[in-house]
Each structure stands twice: as structure tokens, then as C-alpha cells.
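Enquirer: any chance you could fold what I've pasted below:
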Amino acid sequence: MTLYKPPEPPGEFSLPLTPERLKWQLDVIGWGRGEVAHRLDIDDRKVAAWVVGRSFCPNLVAVWLEKLAQKMLVDPVPPDWNEREPGRTAAKHGHYGRNSGRHEIREHPDDEEGEAQVMEDPPAFLRR
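Expert: Okay, here's the model as predicted:
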């Protein structure tokens, strides 16, 4: 099993937070802009502005994200935490987004010959 290795951090951490360092932090933590916006209870367009450098990330948030990123570097998610079926894929950081998950073509006994249905296999936590 290959473990995810984050890229080297772009320079030393400093305030104001650079967009490159913010992108690195989010990559190491495994969050997208939407997750940051959700956790901070703000509009995701504000986080998008931080990521592209249109506005500055508040220092308090920048320090918090840096602490989370540094923690994830020294104590990453255990590689065998997941009991997913062999051969099943997940998103890069183990999240299930709208477009992740497996699509398979399965034949059904009631289908006419040569015809198959495309079904999306739900993530394990949704199956009962």
C-alpha cells in the first residue's frame, strides 16, 4: 500500500499567510475549500479568495490551519484504518464526495440479453 506523501512546504510559515502555504496546509490536512468554509461557518467564496490570493486569510485561522497541518505531518491517518472491500477506491484523502465512489456495470436476470444497468455502489458507511 502506498501512503500519501504531502509535498514539501513552500517556505517557512509566516503571516500574512501566502496562497501557496494555504494550499499546502489544505493538502496536508486533506480538506477542500468547502470543508474549511463549513468548519469556520463562512461562505466558501471567502475561502476561495484566500486560496487565490484575492484577500488574506485571518491570522487566527492561518495559525490554526498551520497547527493542524503540522499535526497531520507527524501523526497521519493510519493506513489500515479502513475496512473497505479489496479493490474499492476512494477519494485521495478518504472522503466520499459527490463524484467519488465506484460505478460498475452489473447484469440483472430480468434484463434483456446484452443489456446492463449502471449502478453506483454506495460507500460502506451508507450500506446497512
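
Enquirer: any idea which helix or strand in the protein has the lowest mean pLDDT?
Expert: Among the helices and strands of the chain, strand 102-106 carries the lowest confidence by mean pLDDT, DSSP states H and E, at a mean of 43.

Enquirer: tell me the pLDDT of residue 74.
Expert: Listed pLDDT for residue 74 reads 86.

Enquirer: which strands and helices lie in contact with the helix or strand where residue 26 lies?
Expert: Applying DSSP states H and E as the criterion places residue 26 in helix 19-29. Helix 19-29 sits against helix 44-52, helix 59-74, with contacts defined as 3 or more C-beta pairs under 8 Å, 6 or more residues apart in numbering; DSSP states H and E. In short, each C-beta sits where N, CA and C put it, glycine included.

Enquirer: of all those, which one is nearest residue 27?
Expert: Of all the helices and strands packed on helix 19-29, helix 59-74 sits nearest to residue 27, with 8.5 Å by C-beta to C-beta.

Enquirer: low-scoring stretches of the chain, by residue?
Expert: Applying pLDDT under 70 to the chain picks out residues 1-7, 79-128.

Enquirer: mind listing what's buried along the helix holding residue 26?
Expert: For helix 19-29, a neighbour-count test (16 or more other C-beta atoms under 10 Å) marks 19, 21, 22, 23, 24, 25, 26, 27, 28, 29 as buried.

Enquirer: can I get it in PDB, CA atoms only?
Expert: Extracted C-alpha coordinates of helix 19-29, given in PDB (Å, rounded to 0.1, in the frame of the first residue of the first chain):
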ATOM      1  CA  PRO A  19      -1.800  31.300  -1.000                       C
ATOM      2  CA  GLU A  20       0.900  28.700  -1.700                       C
ATOM      3  CA  ARG A  21       1.300  27.900   2.000                       C
ATOM      4  CA  LEU A  22      -2.500  27.800   2.400                       C
ATOM      5  CA  LYS A  23      -2.900  25.300  -0.500                       C
ATOM      6  CA  TRP A  24      -0.100  23.200   1.100                       C
ATOM      7  CA  GLN A  25      -1.900  23.200   4.500                       C
ATOM      8  CA  LEU A  26      -5.200  22.100   3.000                       C
ATOM      9  CA  ASP A  27      -3.500  19.400   1.000                       C
ATOM     10  CA  VAL A  28      -1.800  18.000   4.100                       C
ATOM     11  CA  ILE A  29      -4.900  18.200   6.300                       C
END
